[in-house]
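give me a model of this one.
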Amino acid sequence: MDRSMIDGRTAVYGLMGDPVEHTLSPAIHNTMADLTGMNLAYLPFHVPAGCDLGVVLKGAHALGIRGMNVTVPHKKAVMPFLERISPEAGAAGAVNTLVRTETGYEGFNTDVLGLSENISEAGVSLTGKKVVLIGAGGAARAAAYLCGRDRAGKLYIANRTLENAERLRKEVQGTWPDLPVEVMPMEDLGASGERDLIAFQCTSVGLYPACDRAPVTDPAFYKRLIHAFDTIYRPEKTLFMKMAEEAGAGTAGGLGMLLWQGLKAYEIWTGIRADKDQALQIRSRLEAFLKEEG
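Model (predicted):
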């Protein structure tokens, strides 16, 4: 679509979160619109943490916004204000995609599919494995859902606020009572004796432009990993991933998760599923942007 041809029939979609300056989601959806000939535009909306999300959604609905992605810190907080929640989003305990209905918005979770595709592309299986989640927000909930679904052997949840980690533990064991789950402070990760861990970095620590930060700085932790996933995609290789690689672990960044969750959201909104060639074109565009950024 020629952006100069935006008119009164253009369907508006977007992303709500705090921050949103780093997002590459517009590149995914606007490129897909170009490739599929859809008259739509996708924009980032800065929705500050702590604001009244009920008011935000009423305003978005009144303006006719057809759908939105939801990112930190709103993935769980937005749920009480939705008309309906999909079963998968309910089980994951987080929403990242909204679809407009006559009276409000319906919530879905495409993070689960995006992360699942990222894990599969890395050739990793969670079945029987010991997994540690760093963080307890929306991305961590998607990873926890996959640990339960894929029958991980044990799950550790490390978070700076133990209350939030404990809340997630109860949610996970309420759905998968046979999955052993243990909560620990973030600072104890380096002292843990567990080995052969798969780690999911689910916080915003290390996100562009603060690329010199990692949620765990103790080298002893990284020596215990066999694979490390970071849900951050900007930068393409975070300090967390660099430290894991230096310790000999396999790594994967968040770009694959971003791509696949975005394409699934586009499919929910438009009914159009990306084919292999379209997915490759979009991924190449995202990778080129990140390399150009440095």
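
was I right to think G137 contacts A77?
No: using C-beta atoms under 8 Å, G137 makes no contact with A77, being 10.0 Å away. To be clear about C-beta, it is placed using only N, CA and C from the backbone, and glycine gets the same treatment.

all the strands of this protein, residue numbers only.
In the chain, the segments counted as strands under DSSP state E are 11-17, 40-46, 67-70, 84-85, 97-100, 105-108, 130-134, 154-159, 181-185, 197-201, 225-230, 250-252.

how about the fifth one: buried residues?
When burial is assessed from 16 or more other C-beta atoms under 10 Å, strand 97-100 yields the following buried residues: 97-100.

okay, now the sheet partners of it, with direction.
Strand 97-100 has the following strand partners under DSSP bridges: strand 67-70 (antiparallel), strand 105-108 (antiparallel).

and of those strands, who's closest to S204?
Each of those has some distance to S204 by C-beta to C-beta; the shortest is strand 67-70, at 14.5 Å.

give me the contacts around the closest one.
13-17, 25, 45, 60, 78, 95-100, 105, 107, 138, 262, 265, 268-269 (C-beta atoms under 8 Å, 6 or more residues apart in numbering).

one more time with 7 Å, if that's ok
With C-beta atoms under 7 Å, 6 or more residues apart in numbering as the test, strand 67-70 has contacts from 13-17, 25, 60, 78, 95-100, 265, 269.

before we move on, the earlier item: of the strands of the chain, flag the one that's most buried.
strand 67-70 (a mean of 27; mean count of other C-beta atoms under 10 Å).

distance from the chain centre to it, please.
Centroid displacement of strand 67-70 relative to its chain, using C-alpha atoms, centre = their mean, to the nearest Å, is 12 Å.

swap in stretch 181-194?
That offset, for stretch 181-194, works out to 23 Å (C-alpha atoms, centre = their mean).

next, K223: phi, psi?
Dihedral pair for K223: phi -70, psi -10, per degrees, to the nearest 10.

tell me who's in contact with the residue lying closest to Y145 once chain neighbours are set aside.
In this structure, Y145 finds its nearest non-sequential neighbour in A92, 4.3 Å apart by C-beta to C-beta, 6 or more residues apart in numbering. For A92, the contact set (C-beta under 7 Å, 6+ apart) comprises 109, 112, 141-142, 145.

closest to E163 among these?
Closest approach between the contacts of A92 and E163, by C-beta to C-beta: R141, at 15.5 Å.

residues contacting the closest one?
Counting by C-beta under 7 Å, 6+ apart, R141 has contacts 92-94, 168.

filter these down to the ones in helices?
Of these, the ones assigned to helices by DSSP state H are 92, 168.

pLDDT and distance to A228 for the contacts of R141 - can I get that in TSV?
Listed next are the contacts of R141 as TSV, based on pLDDT from 0 to 100; distance: C-beta to C-beta, whole Å:
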residue	pLDDT	distance to A228
A92	91	21
G93	92	23
A94	93	22
L168	96	20
